[in-house]
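> model this:
(chains A and B)
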Amino acid sequence: GENVEQHPSTLSVQEGDSAVIKCTYSDSASNYFPWYKQELGKGPQLIIDIRSNVGEKKDQRIAVTLNKTAKHFSLHITETQPEDSAVYFCAASNGAAGNKLTFGGGTRVLVKP
Amino acid sequence: GAVVSQHPSRVICKSGTSVKIECRSLDFQATTMFWYRQFPKKSLMLMATSNEGSKATYEQGVEKDKFLINHASLTLSTLTVTSAHPEDSSFYICSARALAGTYNEQFFGPGTRLTVL
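Sure, this is the predicted structure:
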């Protein structure tokens, strides 16, 4: 089955700096890669996703890149703000395998004002 | 759009009782709903996949008689934790995948915190 590794597990950045979180996956058949933000005591919220036919996607301060050959994808947050502090999860799924998401271990991001 | 609700948000029960958690897609129809369990400071672990009108598919190691899942309509799935014990205490989260389109997006509910005394 799919295995998703996520690094780093914790990330502390100064407000205004950029944050980068990296994930690798093992199943070359995976074709959908979402990123979720989870605040304390709440469910995950989809913030951006990318499909295997695209190499990069951007939405305001958030961007995701995908390298299918190397089987890794990354989340980039620019101009970080204190409200970006949360736990971020990457995930991967294969549409042919029931769309089940396999999650990375999560990255706890702290943006210091 | 794409709002998923869960009820209750928090429940405390005595050991040996059963607890039912509801997951609803409020503004879309979901053929498939997923149930996850999350321990403190850990990632989400998929428990089962719930398909409307058919039996749920459980992940390896998840007891189907312990965690009963019913997906009676395109907007509602329920998870019943039967004969709950303290080790069942956890954060339970559902997600729903939209019926329409070819996208894979899953939208998550706010979670239910279960505490078994």
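
> Can you report how many residues neighbour residue B:16?
Using other C-beta atoms under 10 Å in any protein chain shown, residue B:16 has 10 other residues around it. In short, each C-beta sits where N, CA and C put it, glycine included.

> tell me the SS of the residue lying closest to it once chain neighbours are set aside?
Once flanking residues are discounted, residue B:16 sits nearest to residue B:83: 5.7 Å by C-beta to C-beta, 6 or more residues apart in numbering or on different chains. Counting by DSSP: H, G, I helix; E, B strand; the rest coil, the backbone at residue B:83 sits in coil.

> how about residue B:83, phi and psi?
phi 40, psi 60 (degrees, to the nearest 10).

> I'd like the distance between it and residue B:17.
8 Å (C-beta to C-beta, to the nearest Å).

> now do residue A:71
In this view, residue A:71 and residue B:17 are 45 Å apart by C-beta to C-beta.

> Neighbour count: these two, which is higher?
Each of residue A:71 and residue B:17 has its neighbours counted (other C-beta under 10 Å); residue A:71 has more, 16 against 13.

> who's in contact with the more buried one?
By C-beta atoms under 8 Å, 6 or more residues apart in numbering or on different chains, the residues touching residue A:71 are A:24, A:25, A:26, A:28.

> Low-confidence ranges, the chain, go.
With no chain named, the answer covers chain A. The model of chain A has pLDDT under 70 over residues A:96-98.

> if you could check chain B rather than the one you did, that'd help
For chain B, the stretches with pLDDT under 70 are B:1, B:99-104.

> Show me what from it comes close to chain A.
Neighbours of chain A within chain B, by C-beta under 8 Å from any C-beta of the partner chain: B:4, B:6, B:32, B:34, B:42-44, B:46, B:49, B:57, B:93, B:95, B:97, B:102, B:104-111, B:113.

> quick one: the residue nearest to residue B:16 and residue B:66 touch, right?
Yes: using C-beta atoms under 8 Å as the test, residue B:83 is close enough to residue B:66 to be in contact (7.5 Å).

> OK, contacts around residue B:58?
Going by C-beta under 8 Å, 6+ apart, the list of residues near residue B:58 reads B:47, B:48, B:64, B:67.
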